[in-house]
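> 3D model of this:
(2 chains)
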Number of protein chains: 2
Amino acid sequence: MVKLAVDMMGGDDAPNIVLEGVEKAVNEFEDLEIILFGDEKQCHIQHPRVEVRHTTEEITMEDEPVRAIKRKKDSSMVRMAEAVKNGEADACVSAGNTGALMSSGLFIVGRLPGVARPALVVTLPTVSGKGVVLLDVGANADAKAEHLYQNAVLGHIYAQKLRGIETPKVALLNIGTEAKKGNSLTKEAFNLMSKTEQFHFVGNIEAKSIMEDEADVIVTDGYTGNMILKNLEGIAKSFGKIIKNDLLHNMKNKLAALIMKKDIKHIAKQLDYTEYGGSVLLGLDGIVVKAHGSSNAKAFYSAIRQAKIAADTRIVENMREKVAE
Amino acid sequence: MVKLAVDMMGGDDAPNIVLEGVEKAVNEFEDLEIILFGDEKQCHIQHPRVEVRHTTEEITMEDEPVRAIKRKKDSSMVRMAEAVKNGEADACVSAGNTGALMSSGLFIVGRLPGVARPALVVTLPTVSGKGVVLLDVGANADAKAEHLYQNAVLGHIYAQKLRGIETPKVALLNIGTEAKKGNSLTKEAFNLMSKTEQFHFVGNIEAKSIMEDEADVIVTDGYTGNMILKNLEGIAKSFGKIIKNDLLHNMKNKLAALIMKKDIKHIAKQLDYTEYGGSVLLGLDGIVVKAHGSSNAKAFYSAIRQAKIAADTRIVENMREKVAE
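Presented below is the predicted three-dimensional model:
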């Protein structure tokens, strides 16, 4: 049996999409129990494996992260994180304020011994449909080379356990493929990684090859990773606008687009990284999963499933051992 | 009359595309003279305003930049840069080894007094079709806050002179729009820029908004800028593959795509940043334009036209004055 703590109040369309996602998850997995933290009056779920814990406060998107988790002690997010800390739950999931969730991870759940800085990890779509693990996408904006090295170790275990890849190919995101390329940070990180036996390092990878299935894990600092993630997000949006402006201005094209509509939707879905579940905060003494703020019920369900797999595969215990090396 | 020095031997399809581009340019502009540097045996152009200077060496894509320009004294690239340095030419254009061209700019043409680090600038397409200036895209991978500030000054003048925008909106690329967001570099740069009167600073911009016409100039460091450029390049390629795999697998969609083909090509053209000309190395005591390595004749022509406009609008003299402030 896996027990997850879930933040009922976080996300643009909370609590409705959270409750829908939870319902789908407990119906899907018979070995799953959920503790829901939030306003009990808004909870309409009745299920033997769902328990509701009433909370009186909420952390909003506008809250300053560290202050929020220190002051709003009875918020759904803080109480959810405490359930992981005190061992009541194996993992937690929230679609709320990212900064506050990262602070909850750091200050309530706590770091694994030996981990300098936790990292946020996502799985991006690739041309083959297989997907690629990218980290850090925003936890540590001022990284040092040893943090990138540690990200590689965490990403390696994540790809092994959550994605079932026995020997993941780990690459360093850089502005050239040659060993000497990059800024001082990536040059130093390349040196550290090229000597390792802890994971299978395949060298530098350029941003143009992220979706080309050349690696299973791509390592970068939180500033660059967040930049790439937002660039991908923006390009999809901007391309959409340009296509709408330029392509659909006449009846002929509108009809042609209609013919392809279903297949275009299928592609858009493939490119949508929320389909791959949430992002996971790695390097903590517990599992913390961030569902996208604009998650729908299906995306929130994916994030729950991801947390469950992480718990099932004992990812934290694996990281504890590997980091100690 | 504007006189340009052109590297005949640089680029994947040199010298043919270079010669075609040059021919188109001298036919288009009656006030343009070109000095072509390269192997005279391979030059088939006969034109009263095109002069050929024979060179015996070539810098290849594999050459180590600084060593190449120091040792290959009779290479087309080095001699082209020298023509700018000694005042024979107003500007120069090459599609060759980017690193070697940057080194030629730094060590042969030389920096403007007061410029710490030159920056490479490109114009990216936007939703409105207007385009946006992005710099630095690769000259200075380890930037400090004062370099970003100087990039803003150079970008401001570039947008004024080459793009005809009287008061360009200058934004700082960052991982959040709020003043406190970013890594230590962007936080410090934000502070410097928010106090300035040298240009119109509009605050932080996220990577998802680059193509959304929110700014005329976007400033970043050479590592991040290069990353963004390559990410844009890669996404177009990867999307193309996914569409080909997923969309065109049946006759119905193939026919529909055929109907839209012409308009789709028009969009692809709009998104193709080579259409906007080459990238310019700013902050030098002369104009150095880098045409894309895989330029076709039209793209090389665009780069020549860009160099001509930069010379016509006396961009170097403008930068000299503004940097001195």
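> Check the burial of residue A:44 by counting its neighbours.
9 (other CB atoms under 10 Å in any protein chain shown). Just so you know, the C-beta spots here come from the backbone N, C-alpha and C atoms, and that holds for glycine as well.
> try residue A:301
If we define neighbours as other CB under 10 Å, then residue A:301 has 22 of them.
> How about the residues of the stretch 1-150 of chain A by chain B?
Proximity of the stretch 1-150 of chain A to chain B (CB under 8 Å from any CB of the partner chain) is limited to residues A:126, A:127, A:138, A:141, A:142.
> helix or strand for the second one, which one?
Under the criterion DSSP states H and E, no helix or strand holds residue A:127.
> Just give the nearest non-adjacent residue to it, would you?
residue B:241 (4.9 Å; CB to CB, 6 or more residues apart in numbering or on different chains).
> separation between the one you found and residue A:211?
Noted for residue B:241: a distance of 9 Å to residue A:211, by CB to CB, to the nearest Å.
> Looking at those two, which is more packed in?
Between residue B:241 and residue A:211, counting by other CB under 10 Å, residue A:211 is the more crowded of the two (24 against 14).
> For the more buried one, which non-adjacent residue is spatially closest?
Spatially, and ignoring its direct neighbours in sequence, residue A:211 is nearest to residue B:238 (3.9 Å; CB to CB, 6+ apart).
> and the helix or strand where the one you found lies, what does it pack onto?
In the assignment (DSSP H and E), residue B:238 maps to helix B:222-247. Identification of packing neighbours for helix B:222-247 by 3 or more CB pairs under 8 Å, 6 or more residues apart in numbering or on different chains; DSSP states H and E yields helix A:222-247, helix A:251-271, strand B:119-124, strand B:132-135, strand B:169-173, helix B:251-271.
> what packs against the fifth one?
So the one you mean is strand B:169-173. helix B:145-163, helix B:184-194, strand B:200-205, strand B:217-219, helix B:222-247.
> buried stuff in the first one?
Think helix B:145-163. For helix B:145-163, a neighbour-count test (16 or more other CB atoms under 10 Å in any protein chain shown) marks B:145, B:147-163 as buried.
> Residue A:73: neighbour count?
Neighbours of residue A:73 (other CB under 10 Å): 12.
> excluding its backbone neighbours, what's nearest it?
Per CB to CB, 6+ apart, closest to residue A:73 is residue A:57, 7.6 Å.
> just to revisit the earlier point, wait, isn't the residue nearest to residue A:127 in contact with residue A:126?
No. Between residue B:241 and residue A:126 there is no contact under CB atoms under 8 Å: 9.9 Å.
> thought residue A:286 was touching residue A:108?
No. Between residue A:286 and residue A:108 there is no contact under CB under 8 Å: 9.1 Å.
> any shared contact partners between the two?
Taking CB atoms under 8 Å, 6 or more residues apart in numbering or on different chains as the contact rule, residue A:286 and residue A:108 both touch A:84, A:85.
> picking up where we left off before, the residue nearest to residue A:211 touches residue A:124, doesn't it?
No. In this structure, residue B:238 is not within contact of residue A:124 by CB under 8 Å, at 10.3 Å.
> rewinding a little: do you know which of the helices and strands packed on strand B:169-173 lies nearest residue A:229?
When these are compared for distance to residue A:229 using CB to CB, the nearest one is helix B:222-247, at 10.1 Å.
> mean confidence score for the closest one?
Per-residue pLDDT values across helix B:222-247 average out to 81.
> can you check stretch A:30-39 too?
97.
> Distance from it to the middle of the chain?
Put simply, stretch A:30-39 sits 20 Å off its chain's centre (CA atoms, centre = their mean, to the nearest Å).
> where's the residue nearest to the spatial centre of chain A relative to residue B:6, distance?
Nearest to the mean C-alpha position of chain A, by CA atoms, centre = their mean, lies residue A:279 at 0.5 Å. In this view, residue A:279 and residue B:6 are 49 Å apart by CB to CB.
> need the next SSE after the lowest-mean-pLDDT helix or strand in chain A, C-terminal direction.
Least confident element among the helices and strands of chain A, by mean pLDDT, DSSP states H and E: helix A:251-271 (a mean of 71). As assigned by DSSP H and E, the chain's next helix or strand after helix A:251-271 is strand A:279-282.
> Could you report the neighbour count for residue A:130?
Residue A:130 has 12 neighbours, counted by other CB under 10 Å.
> pretty sure it is touching residue A:211, no?
No. Taking contacts as CB under 8 Å, residue A:130 lies outside contact range of residue A:211: 10.3 Å.
> List the beta-bridge partners for the residue nearest to the centre of chain A.
Beta-bridge partners recorded for residue A:279 (DSSP bridges): residue A:290.
> what's the pLDDT at it?
92.
> what sits against it?
By CB under 8 Å, 6+ apart, residue A:279 lies in contact with A:120, A:121, A:122, A:137, A:289, A:290.
> With residue A:309 instead?
So residue A:309 contacts A:161, A:162 (CB under 8 Å, 6+ apart).
> Next, it: phi, psi?
phi -60, psi -40 (degrees, to the nearest 10).
> Relative to chain B, how far out is it?
Distance, residue A:309 to chain B, by CB to the nearest CB, to the nearest Å: 26 Å.
> which residues in the stretch 1-150 of chain A form helices?
Counting by DSSP state H, counting those that start in this stretch, the stretch 1-150 of chain A has helices at residues A:16-28, A:65-71, A:76-85, A:98-104, A:145-163.
> Alpha carbons of the third one, as PDB, please.
Below are the C-alpha coordinates for helix A:76-85, written out as PDB (Å, rounded to 0.1, in the frame of the first residue of the first chain):
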ATOM      1  CA  SER A  76      -2.800  22.700   3.000                       C
ATOM      2  CA  MET A  77       0.700  22.800   1.500                       C
ATOM      3  CA  VAL A  78       2.600  23.000   4.800                       C
ATOM      4  CA  ARG A  79       0.500  20.200   6.400                       C
ATOM      5  CA  MET A  80       0.900  18.000   3.300                       C
ATOM      6  CA  ALA A  81       4.700  18.400   3.500                       C
ATOM      7  CA  GLU A  82       4.600  17.600   7.200                       C
ATOM      8  CA  ALA A  83       2.800  14.400   6.500                       C
ATOM      9  CA  VAL A  84       5.800  13.300   4.400                       C
ATOM     10  CA  LYS A  85       8.300  14.500   7.000                       C
END
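> Might you quantify the distance of it from its chain's geometric centre?
18 Å.
> How about the first one?
Mean-position distance between helix A:16-28 and its chain equals 19 Å (CA atoms, centre = their mean).
> What angle do helix A:76-85 and that helix make with each other?
30 degrees (axes from the mean of the first three to the mean of the last three CA atoms, to 10 degrees).
> Next up, the contacts around residue A:44.
By CB under 8 Å, 6+ apart, the neighbours of residue A:44 are residue A:19.
> Then the one 3 residues further on?
Residues counted as contacts of residue A:47 (CB under 8 Å, 6+ apart) are A:23, A:26.
> Return the distance of it relative to residue B:13.
Residue A:47 sits 66 Å away from residue B:13, going by CB to CB.
> Same check on residue A:114?
Residue A:114 is 53 Å from residue B:13, by CB to CB.
> Output the residue of the stretch 1-150 of chain A whose distance to chain B is smallest.
Nearest residue of the stretch 1-150 of chain A to chain B: residue A:141, at 4.0 Å (CB to the nearest CB).
> if I look at that residue, how far off is residue B:185?
Note on residue A:141: its distance to residue B:185, by CB to CB, is 9 Å.
> Could you find the closest non-adjacent residue to residue A:38?
Computed as CB to CB, 6+ apart, the closest residue to residue A:38 that is not its neighbour in sequence is residue A:8, at 2.8 Å.
> The one you found and residue A:35 touch, don't they?
No. Counting by CB under 8 Å, residue A:8 stays clear of residue A:35, with 10.0 Å between them.
> shared neighbours of the two, which are they?
residue A:52.
> and the two? which has more neighbours close in?
Taking neighbours as other CB under 10 Å, residue A:8 and residue A:35 compare with residue A:8 leading, 29 against 18.
> So what does that one have for phi and psi?
Taking degrees, to the nearest 10, you get phi -80, psi -20 for the backbone angles of residue A:8.
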